[in-house]
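Peer 1: next one to model:
(2 chains)
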Number of protein chains: 2
Amino acid sequence: MGRSVTAVLTEIMNQQQSIPVPHLTTALTGPLREIESHLLDRQPQIESWFRSEWKKSAAPFYTSVDLRNAGFKLAPVDTNLFPAGFNNLNPAFFPLSVQAIQSAVEQICPTACNILIIPESHTRNTFYLESLATLRKLLQHAGFVVRIGSLREELQTPETISLPSGEEILLEPIRRSDNTLRLDEFIPCVILMNNDLSDGIPQILDNIEQSIIPPLALGWSHRKKSGHFHHYSQVAAEFSTLLEIDPWLIDPLFERCGEINFKNREGEECLAAHVDHLLGEIRKKYEQYGVDHPPFVLVKADSGTYGMGIMTIHDASEIHELNRKQRNKMARSKGGQAVSDVIIQEGVYTFETIGKDQAVAEPVVYMMNHHVIGGFYRVHTSRGYNENLNAPGMHFEPLSFANPLNLPDRTREPDAEPNRFYAYGVIARLAMLAAAREGSDAVTEIAQ
Amino acid sequence: MGRSVTAVLTEIMNQQQSIPVPHLTTALTGPLREIESHLLDRQPQIESWFRSEWKKSAAPFYTSVDLRNAGFKLAPVDTNLFPAGFNNLNPAFFPLSVQAIQSAVEQICPTACNILIIPESHTRNTFYLESLATLRKLLQHAGFVVRIGSLREELQTPETISLPSGEEILLEPIRRSDNTLRLDEFIPCVILMNNDLSDGIPQILDNIEQSIIPPLALGWSHRKKSGHFHHYSQVAAEFSTLLEIDPWLIDPLFERCGEINFKNREGEECLAAHVDHLLGEIRKKYEQYGVDHPPFVLVKADSGTYGMGIMTIHDASEIHELNRKQRNKMARSKGGQAVSDVIIQEGVYTFETIGKDQAVAEPVVYMMNHHVIGGFYRVHTSRGYNENLNAPGMHFEPLSFANPLNLPDRTREPDAEPNRFYAYGVIARLAMLAAAREGSDAVTEIAQ
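Peer 2: Coordinates of the predicted model:
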C-alpha cells in the first residue's frame, strides 16, 4: 500500500513538473545566470537580510509584482498593492496563502473575525470578480467571516452577481454609523481595500475607527510610481552590495517629468529631453554587456495603474510626433484623472516565450504578508518582446506557476526551474520591500 | 494553451484526491459529526481564539500529535516536541513547512543563518535518519546553513552515513568553547534539538549562550505525560465551552500513580485501584453515548516516548497477573531510565481502516510554529482497534495526507475530507497549545 501511495505522489510531482514553463529565447543569459548563482550561494544571507528588513518596515498585506526577464536583466516593472488576478494562481498552493493570511492578521488585529472587502467599483469585469471570489475564499479558508461592500453610490440594496466559475458575489451597500463602517448588522474589525483609490479617498472612509489595510495613503490618490522606484533603486543598491552584483541587472532606470499637459502639448520639451537622456544611459549599459537590441523606454502616468496611460518609445523624436489620438490616450489615466506627472522608465525586454508560436510571457509574483504565495505568467501571442502585456482590454492567457517559489535547490543548476522561480520570488520581494518603505513614508506624510 | 494548463491542474487535483483515505468503520459517528459540524460553524471564533492563545503562550518550534478517531471521540494520545517522521510527509506540502519555519525563526532569532541540529544518538535507525535528512532539507529550503552535531561521546571525527533515499547524513562531533557550541569553524546561532533528552540534559548543553529550541526543560528528563494531559484537559475544557460540546468527546481521561516499582511489584495496589476507577469512569461515558465496545486503558511510563513502557489493560485484575517478562518490559523506558511514575490513560479506539484487509490507521499531525504543515497515517495490518500503533520495532506503513489541513470547505458536508482533515488539525493544535502552556511552566520551573 505504501508503494502505491508513493507511486501516486511521484506521478503527481511529475505531472506538476509537466506543466509547461516558458523558455528564455536569448543567447545572452550570462548575467542572469550569474545573478541566479549568487542568489543560491548567498541564500542564507539573503533570507536573514529580508527578515531584518521586515522588522524595520512591515510588509504590505498583499502585493503583486510584474517582472520582466531579459536574460541579461531581471527587474520589476510594476508593483500593485491592491492586487487582482488571484483566480490565476495555482490552487495547489492555496494552503500557502491561507497560512500567510493567518500570520498577517495575527500582526494587524489578532482578535479579528469579520473582514469587509472593499473592491473596485467596475462590476462588469468578470475577470476581476473571479479574482474577488478567490480572494474571499482564501480569507474564508483562513477562518474569517468575509463580506463585500461596494463604494458605488447608486447601490442601495444588495446585488448578487453570478460568475462563470459558478461562484456568486454579493455586493452590499456600505453604511457608516459614527466612525464605524458596517453592512447592516455586520461590523467588520478589518477593512481590506481591494480598490486602489485612483479616484481619491471617498469621504465615507475618512477617520474610520476600524483598521484599514493597506493604509489609504498607499492608494493611487497619494502614491506615485516614481516614489516607488526611487525606493526600489535604494533597495536594489543595498541588495546588490550584499550580492556583489551590478545593481542595473535588477533595477530599471527611470526619470520623471512634472507639469505635462498632453492635450495642450505642454511639457513636451522636458519629456523629450528626459527620454533622450535615459535612452543614452541604457545604451551605455547595453554596450557594457554586449546587448545588441535597441534600447527603449516606457512613458507612464506617475499615478495610475491598470496599464492605462502607457507608451513605448524608442527615440525622443517620437514625443513630438504623437498624434491627437495618442495624446488623448496619455492625457487621462484610470478613473479619468488628468495626467500631469509622468515617469520615464527603462524598458526591459521580456525574452521568455512559450509554445511553438513563441508567445511572449511575463511573470507576475504574488505575496501575502512577506511570503511569496505563487504567481502566473501573462502569456500573449500577438505582442512583442518590448511591449507592455497588461493594457486595458488586453486578453492575455494566464499560466499558473507550477512551482512554489520557496524551494530553491542548491544541488541543481542555478537556472533549474526551482532556482529560477526562487530568483523571481527574491526580486519580487525586493519590490515589496520598496513598497514597505514607501508605506512608512506615506503613512507619516498623510498623518502630518 | 490556458485550457490545457487548467486541464493538467484539474487532473492533478483529482489525482491528489485519488490517494486513498481511511474510512471510519463504525456505525456510531454521530458525536464526531457533531464536533465536525460545530468546528465548521465556528471556524472564525476558533481561529481567533487560537490567535489570542498563541499571543499568551508561544507555540513550540515543532510538534507532532498522534490522534485516535473512534467515531464517537477524536482525541490526541501523544504529543511529541522532538518529532521524527518528516520523511513521511507529502512533499507537495513542503512549501508550507518552509513558510512556517521562516515565521518561527523570525520570532526566535531574526538574524540567524546557521542552525545546528542535535539529533538522537541511535544512528542505526534508517527511518530516523531519513527524517533527519528531510528536516535538514526543509531548513535549507528556508534559507539556513544547517549542520548536524552528534552527542555521541565516542564520535571524534565526522562520520558520513548514506541513506536508501540517496541522501547523506554527516554527523559531526560537537565542540564547546566557553559557553558556545561549535563544529570546528561553524558557529550556529540556533541549536535545534531533535533529541528528546530521555537520558537527561548532557553537561555540554549546560549554560549555552546560543538559543536552544525547543527549550531543554521540554525534554523527557523534565517533562511528564501527566503534566501535558493536565494542561490538555484544561485546554479541552475551554475549547469545549467555546464550541458547546462535551469535553470528553475530545479529551482522554487519565489518572496517575507514583512510586511504582514493576520489578519488585511495589505500587501494584495503587495502580490496580486507579485502573479500576478509570475503567468505571469510561464505562459511564460509554453508557451515556451508547458505545457497545469494552472500555480499556493504557498504562504508560509518565516520562518517556518511542512507545516504550506501554501496556493495554481491560481489567484491573490484569495488573496482578503480569508475568516477569511483562513487568521487565514496563520497568524501563527509552534510554534505560527506571519507570517509577505511570500515567493511566483512557484508551481511544481507532476505527479508521483502509484497504480490503481493513488495516488500522492512526493519524499523526505535524506542526511548525503554530501552523499545521501536514501529516500521515500510521497504517498497520496486524494490530487491533485498541492497540498502540507506535511501539518499538513496529513496522507501520506511512500514508501521507493527501489534503492540506487548512482548507476547510463550509459548502461541503462536515465529514467531507477537507473538513475531517481540518478537524484533525484543530484537535492537534489543542494538544500543541497544551504543550505551549506546559512550556511556559517548565521554563519558569527550570530557571528557579
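Peer 1: what number of residues lie near residue A:83?
Peer 2: Per other CB atoms under 10 Å in any protein chain shown, the neighbour tally for residue A:83 reads 21. C-beta coordinates here come from the backbone N, C-alpha and C atoms, glycine included.
Peer 1: again, but for residue A:203
Peer 2: Counted with other CB under 10 Å, residue A:203 comes out at 8.
Peer 1: next, it: phi, psi?
Peer 2: phi -60, psi -30 (degrees, to the nearest 10).
Peer 1: so the residue of the stretch 101-250 of chain A found nearest chain B, which of the three states?
Peer 2: Going by CB to the nearest CB, chain B is nearest to residue A:143 of the stretch 101-250 of chain A, at 3.0 Å. Following DSSP: H, G, I helix; E, B strand; the rest coil, the label given to residue A:143 is coil.
Peer 1: residue ranges with poor pLDDT in the stretch 201-350 of chain A?
Peer 2: Residue ranges of the stretch 201-350 of chain A with pLDDT under 70: A:304-309, A:333-337.
Peer 1: quick one, strands of it?
Peer 2: If DSSP state E, counting those that start in this stretch is used as the criterion, the strands of the stretch 201-350 of chain A fall at A:211-213, A:254-257, A:297-301, A:310-313, A:342-346.
Peer 1: got CSV for those strands, with mean neighbour count too?
Peer 2: What follows is the strands of the stretch 201-350 of chain A, written out as CSV (neighbours: other CB atoms under 10 Å in any protein chain shown):
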stretch, mean neighbour count
strand A:211-213, 18
strand A:254-257, 20
strand A:297-301, 25
strand A:310-313, 18
strand A:342-346, 25
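Peer 1: ok so, going back, what residues are up against the residue of the stretch 101-250 of chain A closest to chain B?
Peer 2: By CB atoms under 8 Å, 6 or more residues apart in numbering or on different chains, the contact set of residue A:143 is A:102, B:43, B:44, B:46, B:47, B:48.
Peer 1: which of these count as buried?
Peer 2: Buried members of these, counted by 16 or more other CB atoms under 10 Å in any protein chain shown: A:102, B:43, B:44, B:46, B:47, B:48.
Peer 1: now those residues as CSV including distance to residue B:97, pLDDT and secondary structure?
Peer 2: What follows is these, written out as CSV (distance: CB to CB, whole Å; pLDDT from 0 to 100; DSSP: H, G, I helix; E, B strand; the rest coil):
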residue, distance to residue B:97, pLDDT, secondary structure
A:102, 15, 91, helix
B:43, 23, 93, helix
B:44, 26, 91, helix
B:46, 23, 94, helix
B:47, 20, 93, helix
B:48, 24, 92, helix
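Peer 1: present the contacts of residue A:143 as a markdown table; the columns should include distance to residue A:159.
Peer 2: Formatted as a markdown table, the contacts of residue A:143 follow (distance: CB to CB, whole Å):
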| residue | distance to residue A:159 |
| --- | --- |
| A:102 | 30 |
| B:43 | 27 |
| B:44 | 24 |
| B:46 | 31 |
| B:47 | 29 |
| B:48 | 29 |
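Peer 1: check whether residue A:270 really touches residue A:260, as I assumed.
Peer 2: Yes: with contacts counted by CB atoms under 8 Å, residue A:270 reaches residue A:260, the gap being 7.4 Å.
Peer 1: higher neighbour count, the two?
Peer 2: residue A:260 (23 against 17).
Peer 1: how far away is the more buried one from residue A:331?
Peer 2: 9 Å (CB to CB, to the nearest Å).
Peer 1: residues that sit against both of those two, list them.
Peer 2: residue A:339.
Peer 1: shouldn't residue A:366 be within a strand?
Peer 2: Yes: under three-state DSSP, residue A:366 sits within a strand.
Peer 1: before we move on, the earlier item: of the strands of the stretch 201-350 of chain A, which is nearest residue B:356?
Peer 2: With CB to CB as the criterion, residue B:356 lies closest to strand A:211-213 of these, at 52.2 Å.
Peer 1: contact partners of the closest one?
Peer 2: With contact meaning CB under 8 Å, 6+ apart, strand A:211-213 is reached by A:61, A:108, A:109, A:112, A:189, A:190, A:191, A:192, A:193, A:205.
Peer 1: how about the secondary structure of residue A:161?
Peer 2: Under three-state DSSP, the three-state class of residue A:161 is strand.
Peer 1: tell me the domain ranges of chain A?
Peer 2: A:110-213, A:253-346 (automatic domain parsing).
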